[in-house]
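# Take a look and give me a structure for this.
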Amino acid sequence: MTRTPGGGAPPPPGKDPVARVPTLPSVPAQPGPPAPESAPAAPASVPRARRTAFAEGFDRLRAAATTEPGRLRILGAVLALLVVAFGAVAAWQMTERTAAADDVLNRSQPLSSDAADIYRSLADANTAAASGYLAGLQEKPATRATYEKDIRTAAAKLVTAAANSEPGSTSAATIASLSRLLPEYKGLVETARANNRQGYPVGGAYLRAANEMMQQRMLPAAEKLYRTENQRLGADYADARSFPWASLGLGVLALAALGWAQHRTYRRTNRVLNHGLVTATAAATVGLLWLTVSHTVARAGLDDSYEHGVRSLTVLHEARIASLTARSDENLTLVRRGADTRALEDGSVADAYEWGYDHQIDALRTALARAADLADDAAGGKPVRDANGFMKVWKDRHDLARADNDSGNYQAARDRVIGAAKEPTSVCFDNVDKALATALTHEQGEFRRAAGGGLDALTGVPAGAAVLAVLGAAGAVLGIGRRLSEYR
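Predicted coordinates for the structure are as follows:
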């Protein structure tokens, strides 16, 4: 009979034995300290603020900088960024200077010359109208053709100036005003001419109205346009000639960083050259030298175009305007016959147009002297000297016409002015105008040659700077990548 481990009888069939667990004697509970009536609740946990992506990125960057591979990655990124920044700023600045130099050559200076031509054409048309009126039925076809040509030239130049002016600008408003006044002026001149040919004295009143419109409204507006375009030309010169300090500074900084990186690599590896960093340094050096040399050459060309082109052109335009105004005053002296007077500083009274002639001849003499000083070659100096000689002869002949007019010999004075005499002042004026036109053509060519050379020096610099920047950045990344591969 099978016994259980405890020695008792076996369990009945079909019943699992139940293990007996000895019971421990109960220990009476010891009285403890009384629990407080209400225990304070545990403080709730305050959620931590989420860190910004910038802070996390900074921590990762700081952690990466503690290892050499991490430092190399940061160095490569900084070098590539510096080289790209240098190339981008250089391309941007040189694009602006190239555009400004192109404006100087092809826009602002031609517009300045067009504005001067508008003034000259209007003044010459006014002179031709007065000459034709004085001649009456004996008006020469050439005088009439000159007047019509001047009106057409002024109209065409106004159209060109309007197309190139900024909408809403002062120049645009001035051009619009001149475009409205030109047909009105032409109508007054035609009315004066028609009445004069029929012998009606009222023709002089119409011519006087036309002259007043020209002198008081149209020519001041044309002069304002000329001054405005000259200021625009000066602004374009300043933009084209300004030194690209930002790009040069970045270029020097990039070269310094690349030199330091190569020195660091040499100290850590004893390798003299890192091909990638050498390539980046060469690209940055070429870009910096190209930028410096091209801008220096362009600046020299622009300076030359201003000193020996624009300044001479400005003085010659002033001389031509003075000669045209003097000729107009000379004609109107005979048309008005002393009807217009001017009080002088000494209290005396003089014919307004005679005073105007003397004033303009003095201005012409001064302008020719300045033009002679600015002329730097024989081709530019000869026409100025010729104009000065013709001006002196003109003044002498005008004095004879004035003496005839003052003595009451109006017919003789008119013949000395409009061409019936052997040596009229009209021939002298024409010679002065032709000489000044020759000088202007020469100086315009000098300007275009010098300014064109300056613009050519900037050709390709923006694109070249961008290409060299990409090449330099790639070299920097590959050079640092070569060092990183040694840690894998």
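
# Surely Leu207 forms part of a helix?
Yes. Read with DSSP: H, G, I helix; E, B strand; the rest coil, Leu207 is one of the residues of a helix.

# Got the confidence number for it?
Confidence at Leu207, expressed as pLDDT, is 86.

# same check, this time on Val467
pLDDT for Val467: 94.

# tell me which element it is part of?
Applying DSSP states H and E as the criterion places Val467 in helix 461-484.

# so Ala350, which of the three states?
Per three-state DSSP, Ala350 ends up strand.

# Can you give me the neighbour number for it?
14 (other C-beta atoms under 10 Å). In short, each C-beta sits where N, CA and C put it, glycine included.

# Bridged to it, which residues?
Beta-bridge partners of Ala350, counted by DSSP bridges, are Arg342.

# And it, how far from Glu68?
Computed with C-beta to C-beta, to the nearest Å, the distance linking Ala350 and Glu68 is 94 Å.

# list the buried ones in the helix holding Val467?
Using 16 or more other C-beta atoms under 10 Å as the test for burial, helix 461-484 gives 461-462, 464-466, 468-469, 471-480, 482-483.

# Return the set of buried residues in the longest helix along the chain.
When the chain is parsed with DSSP state H, its longest helix is helix 68-103. Using 16+ other C-beta under 10 Å as the test for burial, helix 68-103 gives 70, 72-73, 75-76, 79-80, 82-87, 89-95, 97-103.

# Return the distance of the helix holding Val467 from the chain's centre.
32 Å (C-alpha atoms, centre = their mean, to the nearest Å).

# got a list of contacts for it?
69, 72-73, 75-76, 79-80, 83-84, 86-88, 90-92, 94-95, 98, 247, 254, 258, 261, 265, 269, 274-281, 283-284, 286-287, 290-291, 294-295 (C-beta atoms under 8 Å, 6 or more residues apart in numbering).

# same thing with stretch 146-164?
Stretch 146-164 is contacted from outside by 107, 111, 114-115, 117-118, 121-122, 124-125, 128-129, 132, 171-172, 175-176, 178-179, 182, 186, 189, 225, using C-beta under 8 Å, 6+ apart.

# same deal with stretch 80-87?
Everything outside stretch 80-87 that qualifies as a contact, by C-beta under 8 Å, 6+ apart, is 247, 250-251, 253-254, 257-258, 280, 283-284, 287-288, 465-466, 468-470, 472-473, 476-477.

# do that again at 10 Å, thanks
246-258, 280-281, 283-284, 287-288, 291, 462, 464-477, 480 (C-beta atoms under 10 Å, 6 or more residues apart in numbering).

# circling back to that earlier point, for the longest helix of the chain, the distance to its chain's centre please.
Relative to its chain's centre, helix 68-103 lies at 24 Å (C-alpha atoms, centre = their mean).

# again with stretch 151-165
Chain-centre distance of stretch 151-165: 22 Å, with C-alpha atoms, centre = their mean.

# repeat for stretch 400-414
So, by C-alpha atoms, centre = their mean, the centroid of stretch 400-414 is 53 Å from its chain's centroid.

# Name the residues of it that come out as buried.
Residues of stretch 400-414 classed as buried under the neighbour-count rule (16+ other C-beta under 10 Å) are Ala401, Arg402, Asp404, Asn405, Ala412, Ala413, Arg414.

# tell me the mean pLDDT for that stretch?
The model assigns stretch 400-414 a mean pLDDT of 85.

# element containing Tyr226, please.
Taking DSSP H and E as the definition, Tyr226 sits inside helix 219-241.

# Report the inter-axis angle for that helix versus helix 68-103.
150 degrees (axes from the mean of the first three to the mean of the last three C-alpha atoms, to 10 degrees).

# buried set for helix 219-241?
Under the neighbour-count criterion of 16+ other C-beta under 10 Å, helix 219-241 has 219, 221-226, 228-230, 232-233, 236-237, 240-241 buried.

# Report pLDDT for Arg342.
pLDDT, Arg342: 65.

# if I look at Asp373, how far off is Gly199?
As defined by C-beta to C-beta, Asp373 lies at a distance of 51 Å from Gly199.

# which of these two has more neighbours?
Set Asp373 next to Gly199 and count neighbours by other C-beta under 10 Å: Asp373 wins out with 12 against 9.

# show me the contacts for that one.
Asp373 neighbours (C-beta under 10 Å, 6+ apart): Ser312, Val315, Gly381, Val384.

# quick one: pLDDT of it?
For Asp373, the predicted pLDDT is 92.

# how near is it to Ala326?
Here Asp373 is placed at a distance of 22 Å from Ala326 (C-beta to C-beta).

# re earlier: mind giving me the PyMOL select for the contacts of stretch 146-164, buried ones only?
Those of these that count as buried under 16+ other C-beta under 10 Å are selected in PyMOL with:
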select buried, resi 107+111+114+115+117+118+121+122+124+125+128+129+132+171+172+175+178+182+186+189+225
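
# out of the contacts of stretch 146-164, which are inside strands?
Among those, no member is found in strands (DSSP state E).

# Helices - which of the contacts of stretch 146-164 land there?
Taking DSSP H, the ones among those that sit in helices are 111, 114-115, 117-118, 121-122, 124-125, 128-129, 132, 171-172, 175-176, 178-179, 182, 186, 189, 225.

# just to revisit the earlier point, can you name the two of the contacts of Asp373 that are farthest apart?
Val315 and Gly381 (12.9 Å; C-beta to C-beta).

# Counting neighbours, go ahead and name the busier of those two.
Val315 (23 against 17).

# just checking, that one touches Leu374?
Yes. Using C-beta atoms under 10 Å, Val315 is in contact with Leu374, at 6.3 Å.

# Without its sequence neighbours, what residue ends up closest to Asn195?
Gly203 (3.3 Å; C-beta to C-beta, 6 or more residues apart in numbering).
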